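In: need coordinates for the following:
(2 chains, ligands or ions: 2)
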Amino acid sequence: MTEQELRLDGNAAAGLLQEIFVHEVTAARGACAACGSVGPMGAQHLYMSPRSPGAVLRCSACEGVLMVIVRAGGRFRLGLQGLVWIEMQDVDATS
Amino acid sequence: MLDLVDETPRVRSLVLAVPGWPEHLAGQHVDVRLTAEDGYQAERSYSIASAPAGERLTLTVERLDDGEVSPYLAGELRAGDELELRGPIGGYFVWEGALGGPLLLVAGGSGICPLMAMLRLRQAAASAVPTRLLYSSRSLEDVIYRDELDRLVAMGSGLEVIHTLTRSIPEGWSGLHRRIDTAMLGAVAWPPAERPLIFVCGPTPLVESAAESLVNLGHEPAHIKTERFGPTGG
Ligand SMILES: Cc1cc2nc3c(=O)[nH]c(=O)nc-3n(C[C@H](O)[C@H](O)[C@H](O)COP(=O)(O)OP(=O)(O)OC[C@H]3O[C@@H](n4cnc5c(N)ncnc54)[C@H](O)[C@@H]3O)c2cc1C
Ligand SMILES: [Zn+2]
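Out: Ligands and ions are numbered 1, 2, ... in the order given. This is a model prediction of the structure:
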């Protein structure tokens, strides 16, 4: 099985991210630190296996690491080394 | 869990009643968690196949014989059993009537599930958004929701369904008989100038090759939304 066949969309991490963030994060836009691409988190490449405790979100343009989420030992660790910014809807401001 | 419906020899729909369910969007999924008696847990994502309708929802699961979760959901589970799920999830791979069209849906195998929610919503909302579904299945008996798709097309609301069969074909089959490729997408899709909204869903290899073909055909990457189901199925 190749690395490519195991790829998912960032959207598949929505449940995991929902455990950490108050807002829906997969519709949020973010900017890649490596190449500057801007796009919704749900459209990035996700590497997440059901049997492993971690997930890696990579840029769909350059495959640079955007976000690392590890859930183990009773805590979440979130690594955001490759993300310059992330922008989400201000739920209170809409409507 | 209210009801079970066998869709194909390998695919079963689960109709669920979830008290307090917030209405979902077409294309969203749920995470289903199974817990064994010894505490071992397994979690998988399943798309919601039904249009938003109160506290009811339908999941459609393809049984992978060597899988951990799907043989249970699409095999052992019985009506009346309880299921632990989290959702609705995801705000990216979604379509609402207000987004308009034309709408191009591309599915492989169980990848039809979230797209079916969109078609059912389109129908329920009496939407006339021009819509084409290109649907790849192994054989005619593996086509999920075949009768319902036929019925939706027959209503004449601007929906076209193009099937392609990748393995066996029935006698007299005049439709497509190969994997989805660039030529097929070129023939089925609206020209890029019409700026169709495109949703592609199914096994990862199918999704990647279809998305690449669509970009090569000149469609804007930002208009192509993908949902990869992982290595298997289709
Ligand atoms: C967002 C999303 C929505 C989905 N919606 C649906 C849906 O509506 N309907 C549906 O049927 N499915 C859907 N899926 C797929 C579903 O989540 C499961 O992946 C599928 O049911 C298989 O689960 P399983 O536990 O039975 O198999 P698993 O035990 O996970 O194994 C699946 C298969 O892949 C192989 N495999 C898996 N991981 C590896 C690996 N790391 N290395 C080698 N081989 C591997 C296994 O051998 C097996 O054949 C969706 C997936 C995603 C991400
Ligand atoms: Zn990048």
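In: pLDDT weak spots in chain A?
Out: Applying pLDDT under 70 to chain A flags residues A:94-95.
In: which strand of it spans the most residues?
Out: Longest strand in chain A, counting residues (DSSP state E): strand A:65-72.
In: contacts for it next, please.
Out: Residues from elsewhere that reach strand A:65-72 (C-beta atoms under 8 Å, 6 or more residues apart in numbering or on different chains): A:13, A:16-17, A:19-20, A:30, A:32-33, A:41, A:44, A:53-59, A:76-83. Backbone N, C-alpha and C define where each C-beta goes, glycine included.
In: can I get the CA coordinates of it in CSV?
Out: Only the C-alpha atoms of strand A:65-72 are listed here, as CSV (Å, rounded to 0.1, in the frame of the first residue of the first chain):
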residue,chain,number,x,y,z
VAL,A,65,3.2,19.8,7.2
LEU,A,66,0.5,22.2,8.3
MET,A,67,-0.8,20.6,11.5
VAL,A,68,0.0,17.6,13.6
ILE,A,69,-2.6,16.3,16.1
VAL,A,70,-1.8,13.6,18.6
ARG,A,71,-4.3,12.1,20.9
ALA,A,72,-2.7,9.9,23.5
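In: how about it and ligand 2, touching?
Out: No - judged by C-beta under 5 Å from the ion, strand A:65-72 makes no contact with ligand 2; its nearest approach is 7.6 Å.
In: which parts of that strand are buried?
Out: Using 16 or more other C-beta atoms under 10 Å in any protein chain shown as the test for burial, strand A:65-72 gives A:Val65, A:Leu66, A:Met67, A:Val68, A:Ile69, A:Arg71.
In: repeat for stretch B:14-24
Out: Across stretch B:14-24, burial judged by 16+ other C-beta under 10 Å covers B:Leu14, B:Val15, B:Leu16, B:Val18, B:Trp21, B:His24.
In: toward the C-terminus, what is the element adjacent to the helix or strand hosting the first one?
Out: Here B:Leu14, judged by DSSP states H and E, is contained in strand B:11-17. Using DSSP H and E, the helix or strand that directly follows strand B:11-17 along the chain is strand B:29-35.
In: adjacent strands (with direction) for that next one?
Out: In the sheet, strand B:29-35 lines up against strand B:41-47 (antiparallel), strand B:84-89 (antiparallel) (DSSP bridges).
In: can you say which of those strands is nearest to B:Ala189?
Out: Smallest distance to B:Ala189 across those (C-beta to C-beta): 22.4 Å, for strand B:41-47.
In: if we can go back for a sec, just the buried members of the contacts of strand A:65-72?
Out: The neighbour-count test (16+ other C-beta under 10 Å) applied to the contacts of strand A:65-72 identifies A:13, A:16-17, A:30, A:32-33, A:41, A:44, A:55-59, A:80, A:82-83 as buried.
In: B:Ala98 and A:Gln89, how far apart?
Out: Noted for B:Ala98: a distance of 16 Å to A:Gln89, by C-beta to C-beta, to the nearest Å.
In: which one of these two has more residues nearby?
Out: Between B:Ala98 and A:Gln89, counted using other C-beta atoms under 10 Å in any protein chain shown, the more crowded position is A:Gln89 (12 against 7).
In: next up, the contacts around the more buried one.
Out: Taking C-beta under 8 Å, 6+ apart as the test, what A:Gln89 contacts is A:His23, A:Glu24, A:Ala27, A:Ala28.
In: count of residues packed around the second one?
Out: Applying other C-beta under 10 Å, we find 19 other residues in the vicinity of A:Glu24.
In: got it, and the first one?
Out: Applying other C-beta under 10 Å, we find 13 other residues in the vicinity of A:His23.
In: what's the local residue count around the residue nearest to it when sequence neighbours are not counted?
Out: Ranked by C-beta to C-beta, 6 or more residues apart in numbering or on different chains and with sequence neighbours excluded, the top spatial neighbour of A:His23 is A:Met88, at 4.7 Å. Neighbour count of A:Met88, defined by other C-beta under 10 Å: 17.
In: residues of chain B that sit close to chain A?
Out: Residues of chain B lying near chain A by C-beta under 8 Å from any C-beta of the partner chain: B:29, B:31, B:42-45, B:68-69, B:86-87, B:89-93, B:204-205, B:208, B:222, B:225-231.
In: go with 7 Å
Out: Residues of chain B that fall close to chain A, judged by C-beta under 7 Å from any C-beta of the partner chain: B:31, B:42-45, B:86, B:89-93, B:204-205, B:208, B:226-228, B:230-231.
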